Every structure is written in C-alpha cells, then in structure tokens.
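Novice: Coordinates for the following, if possible.
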Amino acid sequence: MNDLEERLRAAFDARARTYEPDPHAWARIMARRPRRRPARWLLAALPVALLTVFVPALLNGGLGRNTAIDPTGVYQQLMKDRTPLGKEASIDNPSEGKPLRIWFAKAKLGYPEVCYVVERAAGEPYGACADAVEWADADAWYVGSTLRDGAATAMDWGLARQDVGAVAGVTKGGQEFQGTVRSLDGAPYRLWTVTYPSQEPMSKIQISDVDGKRLGWWSRDGLFLPGGQPMSAPMELSPGISVQPYRTKKGTRLTWSRHGAELVTQEPSATDPTVTISGRRDLIIGFARKDVARIEVSFGSGSTASVVTRPDPWNVGVTLFAAASPSDDPAESRRVTAYDASGKQVWSQEEPARTDPFEADKVAGEVMTLPGTENSGRPVRIWFTRRSDDGDGFCFTGGPAPSDQASGCFISFSQNSYPFHQSTTYLPDPGADIYFGPTLAGWESVEAVLYDGQRVRASFLRGKGTPYPVWHVSVPRGTEVGGFVVKAKGKPDKQVPNYSKSCAKQAARSEAVPQTLPAGITALLVPGCAAFWENGEQGPALPGPLPGARLSDLLDAARPVQWITGETAWYGYAPAGTAKVELRMKGGATATAEAVPDSWGQNVTLFAAPVPKGAPKGGGETVALTGYDARGKELWRYELPGQRAPKF
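Specialist: The predicted structure is shown next:
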C-alpha cells in the first residue's frame, strides 16, 4: 500500500472499512475524535442538509427578497415529504428572544432527520432539516448555533445518544457552561443545548452519561466553522443563509453558512465560469459574473428554481445567490441559465445526470446493482475499474445515505487485503445493513460474525465481464457485526474485524481497569477492538477479536504485529513471548518499545514507546518492525508492503 492509496482510502468515504496489511490510515480516521479542523472532503457528510422556504421575486431592478411566511408555514413546507418522529421541543432562543422549535422526522428515503424552525425578532422565520445519523465514535455532536453578531447571548445545540445525561460547553480558556439534555418521546436521539455569553464562544463540549461518568468530548469544529480573518460581517442572502468573505493567501474565500453551521466555501477567480454553483441536497448557493442578475436551474424531473442575484458589497466582482432546490436528488440532470438585468440570456450550461460511474472509460465489466438496495429509493451501484498503472479498483455509489455524496473506491486492492463497505437501507422498514466487497482469487466463503456469535453467510454476485465476483451479506438494520471470516482455498481462515463503529464509545463506558503501558499509554479490550488512551485522551484504536476469538487470532506469519502511531507514542500488540519491539523508519531512525503480557488472556504482549524525535505524525515513515524475546532472539519481522526495509 502506498501513500496515495492511504490518503485516498481515508478520503473517499467516511463509512467504508478495510483491513489491509497496513491499516494505519483507516484506524486513525475512524478511531479518534476530531482534534483539528476536519478536511474539506468531509463536507459531504456534514449534517446540514437544508430545506428553506424560498419564493423568488423580481423587485427594484433585479433585487429579490423572500415572500413572507409564518412559522407554521415553514413547518408545513419542511414536513411536506417527511413523517414526524416523536414529540417536538420548544426552546428559548437567547439570540432572538423567540422560540426555537426542534423535532425529529423520517425523511422520504426513511433515514432520520432533526428539523427546526427559527423565529426571529427582526426578520422572517426560517427552517431546515439536518441528518440525524450519528457521527462515528460520537456520544454527542453539534448541529447548529444561534451565535451571531449583535447578540449578547448565544446557544449551541446538537444531538446525543440516549444514555448521555449531561453536556457542558467549554471555552478555549477552560471556562465551563452547563448545558441541558432533553429526551423527546419517540425520538431516536436526545437533544442538548448550551447557552453562553457571545464573547465567550465554545471550543468543545464535555459529555457525561446518565450516571455522571465522563465519556469524553466533541469539538465545535463539527460545525465546520471557518478559520482566518473575516473581511466584514456576514451578509444574509436568504433567511438563515449567510455569506461572509475571508482573506486568504490566494485571495478572497467566500463562506456560506446557515444557523451557525458552515455549508461550503468558494474562492472566486478570473478563470471561473459565468455561474459557479455548489449544489447540495435541497439547496443552490454560489456566485456569478457581476453582470448576471438572475439564474434559473431546470432539472430533469421538470422542476425549476429561479433566483435573483445580489451584488457583493466587498468589491470581489461577483454577484451572489442562495435558494432552495426543488430537487433532492444530487445525481439529477440540470440546465443552468444566466440572465442580465434586461432579461437577456448571457450564459447556459447543460449538466447530464450523474448515473454513470465516474471514469467510465476504465470500468471493467458490468455496472451492477447491490442486492437488497433495489427498493430502498436509491439503489447502490457497484463496479470494478482497471488501471494499467495501479491495478484493479472497486467502486460504489448511491444508496439512501443522508449525506450528499455516498460514493468511493478501494484503489489497487491486493490479494492479501480485505476491503469492504457498508450501506444502510431504511426502506422498506425496518431496513438493513448490507456489507459488501470484492471476492478475490481462491475465496470460497465469507461469513459475517454477529456480536452474539451467530454467523450469517454471504452471497456472491458475478457481473458480466467483471474481474472478480462481489460478496454481500445483509443483516437487520442496527445489528452489531463484529467482523467477517474469509475462507480461502488452501489457507487458514482469515478473521477480518469490523471495529470502527463503536470502539471509543464502548471503551469510555467500560468499568474495567485499563492496563498501563509506558509512554503514558493505557489500553483496554472491549468488544471488537483494543482501545488506547494517550495521557488520558482517547487515541487511535486497533482491531479486536471477533466474538469467541482472541487477539492472537488476528496475528499470523504474514502480519505478526498490530500497531499504530498516535500523537505522542506508538503502540500495539504482538505474539506472546515478544519482550521487545524495534521500529525502523526511513533515514535509519529507530525506536524500541518494551513489551509485557496482556492482562486479558488474549495470548499477546502489549508494547508502547514515545514517537522518535523529528518523526512525522502518523507513522508514515515506518518501514519495518522486529520482535525479540527476552534473550534478544529475533522472533518475527514485519516489513510494510511497498517499503524496502534497511538491514538491522
């Protein structure tokens, strides 16, 4: 596995899992809470799917406004294609002095959403519905904020798992403001709010369970708030939708936000087309050439959105627009047309439906529909690619995922890799979790192992002209799958853990005493994974045993060690009898970790040591590890695929 594959795999899809000879990238992405500003590729999964009530009008020489509508009208528009889930909450909004209504709903494709209507002291009300599907490893997470210019008091709010009992907002200086956690009958999650002075903005929330035990924290970066120096106050384009310019090294960055959560950022340049749209589900936002007074977006289904532009007040040289989209299908074809102030058409562009796989010229064989998703409202399409430079790939797109982009590829998977993806369907109710991946040479069977030890055998699908079959297995939605057992001809059974889903949450709730290791590391075995803490902070996890198995079952001659590099230390587990582990990096740098038997009866030893000085974070420069017994005899050696290890 090379660095490009590592970065691509981590970036393509936040729900995919893969168990490779070197699984570092995936373990790091899935097993730790956000500590830095999230990468831009995550915008597709941001829980801010917006539905605004927008009726364009041409007024005063081309300027537009929204037709007035009351809160009940906003609610009715939001619930047009949705079904209520549970009761509604009415919360005092300190920024407006008016109620903030929040409730849960079932979307048209069956997945849960959280909806809200904001009443305003000096402006029209607005509303939106955001995805209510929990973030990986999150106990509580952000959805929105009332923080705005001119308000003395603000309120952040979000969702939490049902066993969360308390949330406290924490400022950068460490000051805490106790929040409120509410249960809404019939709702899939609990609702939390934190009120605080606007001059003391939050940096994160501390989370506790119903018994008061600390579960960890979640960063306010979950709102994807922009960094840098703003050039001016934000300008509201449509109720609740604002755009604000920021100064960057490249020029001006425009950041759109709604109800305190960032939607998207754009950087206008001289090479931009006449109209630049960032199309999100149910929303059309962007900028156009300064002579464009109105744009019209016509969709393949026959619906049309028309929106009047606003000149930017910052002398960037563009006009701005924001409107609701009548289409909720991000793959639908559309035609974008621009008009000047006199009504003359000045530009037009056709955008075909995005139904075909990307890089169609490299598709190897038939594009298939994943069994079990045919009646979900948005079937999953799967196919193989063949690249002369970097081997075969396996791609997928579609599905009723709440995020705007549910697609990705496993690039250059090899015969000793075990990539798989999960797609959740919600229709027909109650839905299913479907796991699938490429079936490589010699594979005879794949079985999903549930947490209760039950095994479910996968089926195989072979498309016409495809280089490999596809295995797929379906379980009722919400069923915990511990991993998979792959049987290959002439080889021992291979255990492939599925440890990314709930490792950190289970570890935080465990009453067991962690095992202490050097370099400030503590370790704890929970169902499905080995959890680690670095000086008290949750660190990257490592795969744990399948139900009924042991950690030692995940080690073999091809992969005799499981390890990962965290913020300050590298750590992992190795075969029983290992007393010392030596790590070698590019350039000849080395580090040595002492190993001790695990206290869990898993037939392994645990090791940890500080990251060598000057080493890059993430362990990307590691090329080899070697294990020794207590007498200094070499027991095993592992060289990373694609790396040439220096001699020891």
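
Novice: C-alpha from now on. contacts and neighbour counts both.
Specialist: OK.

Novice: residues near D163, how many?
Specialist: Each residue near D163 was counted by other C-alpha atoms under 10 Å, and the total is 13.

Novice: Distance-wise, check it relative to L215.
Specialist: Separation of D163 from L215 (C-alpha to C-alpha, to the nearest Å): 10 Å.

Novice: same deal with V513?
Specialist: Using C-alpha to C-alpha, V513 is found at 15 Å from L215.

Novice: Between those two, which is the more surrounded one?
Specialist: L215 (22 against 10).

Novice: got a list of what A569 touches?
Specialist: Shown in contact with A569 (C-alpha atoms under 8 Å, 6 or more residues apart in numbering): 519, 521, 534, 608-611.

Novice: How about the backbone phi and psi for the nearest residue to it once chain neighbours are set aside?
Specialist: Nearest residue to A569, sequence neighbours excluded (C-alpha to C-alpha, 6 or more residues apart in numbering): P610, at 4.2 Å. Dihedral pair for P610: phi -60, psi 150, per degrees, to the nearest 10.

Novice: What is the neighbour count of P610?
Specialist: Using other C-alpha under 10 Å: P610 sits among 19 other residues.

Novice: Ok, G437 next?
Specialist: 24.

Novice: Next: K633.
Specialist: 12.

Novice: Please, where are all the helices along the stretch 401-550 of the chain?
Specialist: Assigned by DSSP state H, counting those that start in this stretch, the stretch 401-550 of the chain shows helices spanning 503-509.

Novice: And the strands in it?
Specialist: For the stretch 401-550 of the chain, applying DSSP state E, counting those that start in this stretch gives strands covering 407-411, 418-425, 432-438, 443-450, 455-457, 459-461, 470-476, 481-488, 494-497, 515-517, 521-526, 529-534, 537-538, 542-543.

Novice: Off-centre distance for stretch 604-616?
Specialist: 28 Å (C-alpha atoms, centre = their mean, to the nearest Å).

Novice: Could you verify my assumption that M235 touches S242?
Specialist: Yes - using C-alpha atoms under 8 Å as the test, M235 is close enough to S242 to be in contact (5.3 Å).

Novice: Please identify the most buried of the strands of the stretch 401-550 of the chain.
Specialist: Comparing the strands of the stretch 401-550 of the chain by mean neighbour count (mean count of other C-alpha atoms under 10 Å), strand 542-543 comes out on top with a mean of 26.

Novice: what's next to that strand, contact-wise?
Specialist: Contacts of strand 542-543 (C-alpha under 8 Å, 6+ apart): 27, 497-499, 528-531, 562-564, 572.

Novice: Can you report how many residues lie near P226?
Specialist: Using other C-alpha under 10 Å, P226 has 20 other residues around it.

Novice: Look up which helix or strand it falls in, please.
Specialist: Applying DSSP states H and E as the criterion places P226 outside every helix and strand.

Novice: residues contacting it?
Specialist: Contacts of P226 by C-alpha under 8 Å, 6+ apart are 255, 262.

Novice: Make residue 1 into 2 and carry on from there
Specialist: With the count now opening at 2, the last piece we talked about shows up as P227.

Novice: distance of it from S243?
Specialist: 13 Å.

Novice: what does T154 give?
Specialist: If you go by C-alpha to C-alpha, the gap between T154 and S243 works out to 19 Å.

Novice: repeat for T467
Specialist: Taking C-alpha to C-alpha as the measure, T467 falls 47 Å from S243.

Novice: can you check D283 too?
Specialist: 16 Å.

Novice: Alpha carbons of stretch 433-450, in PDB - could you do that?
Specialist: Extracted in PDB, the C-alpha atoms of stretch 433-450 (Å, rounded to 0.1, in the frame of the first residue of the first chain):
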ATOM      1  CA  ALA A 433     -31.000  -3.400   6.600                       C
ATOM      2  CA  ASP A 434     -27.200  -3.000   6.900                       C
ATOM      3  CA  ILE A 435     -25.600  -4.500   3.900                       C
ATOM      4  CA  TYR A 436     -21.800  -5.300   3.800                       C
ATOM      5  CA  PHE A 437     -20.100  -6.000   0.500                       C
ATOM      6  CA  GLY A 438     -16.700  -6.100  -1.100                       C
ATOM      7  CA  PRO A 439     -14.600  -7.800  -3.900                       C
ATOM      8  CA  THR A 440     -14.200 -11.600  -3.800                       C
ATOM      9  CA  LEU A 441     -10.600 -12.200  -4.500                       C
ATOM     10  CA  ALA A 442      -9.000 -15.300  -6.000                       C
ATOM     11  CA  GLY A 443      -9.400 -18.500  -4.100                       C
ATOM     12  CA  TRP A 444     -12.100 -17.200  -1.700                       C
ATOM     13  CA  GLU A 445     -14.600 -19.900  -1.000                       C
ATOM     14  CA  SER A 446     -16.900 -18.200   1.500                       C
ATOM     15  CA  VAL A 447     -17.400 -15.100   3.600                       C
ATOM     16  CA  GLU A 448     -19.400 -15.100   6.900                       C
ATOM     17  CA  ALA A 449     -20.500 -12.100   9.000                       C
ATOM     18  CA  VAL A 450     -20.000 -12.800  12.700                       C
END
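
Novice: thought L79 was touching G128?
Specialist: Yes - using C-alpha under 8 Å, L79 is in contact with G128, at 7.3 Å.

Novice: In terms of neighbours, single out the busier of these two.
Specialist: G128 (26 against 22).

Novice: Can you name the helix or strand that the more buried one falls in?
Specialist: Element membership for G128 (DSSP H and E) is strand 127-132.

Novice: That strand pairs with which strands?
Specialist: When sheet partners are counted by DSSP bridges, strand 127-132 sits next to strand 113-119 (antiparallel).

Novice: which residues are in contact with the partner strand?
Specialist: Strand 113-119 is contacted from outside by 72, 75-76, 79, 100-108, 126-134, 189, using C-alpha under 8 Å, 6+ apart.

Novice: Y76 - that's part of a strand, no?
Specialist: No - per DSSP: H, G, I helix; E, B strand; the rest coil, Y76 lies outside any strand segment and is helix.

Novice: give the contact list for it.
Specialist: Here Y76 is in contact with 118, 128 (C-alpha under 8 Å, 6+ apart).

Novice: from memory S209 sits against L216, does it?
Specialist: Yes - shown here, S209 and L216 form a contact pair, counting by C-alpha under 8 Å, at 5.1 Å.

Novice: any idea how far V457 is from L371?
Specialist: Taking C-alpha to C-alpha, one finds L371 at 17 Å from V457.

Novice: got it, and E125?
Specialist: The value you get for E125 to V457, if C-alpha to C-alpha is used, is 53 Å.

Novice: swap in Y500?
Specialist: In terms of C-alpha to C-alpha, Y500 sits 18 Å off from V457.

Novice: Isn't P246 up against M236?
Specialist: No - taking contacts as C-alpha under 8 Å, P246 lies outside contact range of M236: 9.2 Å.

Novice: Give the residue from these two that has the larger number of neighbours.
Specialist: Counted by other C-alpha under 10 Å, P246 and M236 do not tie: P246 has more neighbours, with 24 against 14.

Novice: Got the phi and psi for the more buried one?
Specialist: phi -90, psi 140.

Novice: if you skip the residues just before and after it, what's nearest to V244?
Specialist: W257 (4.4 Å).
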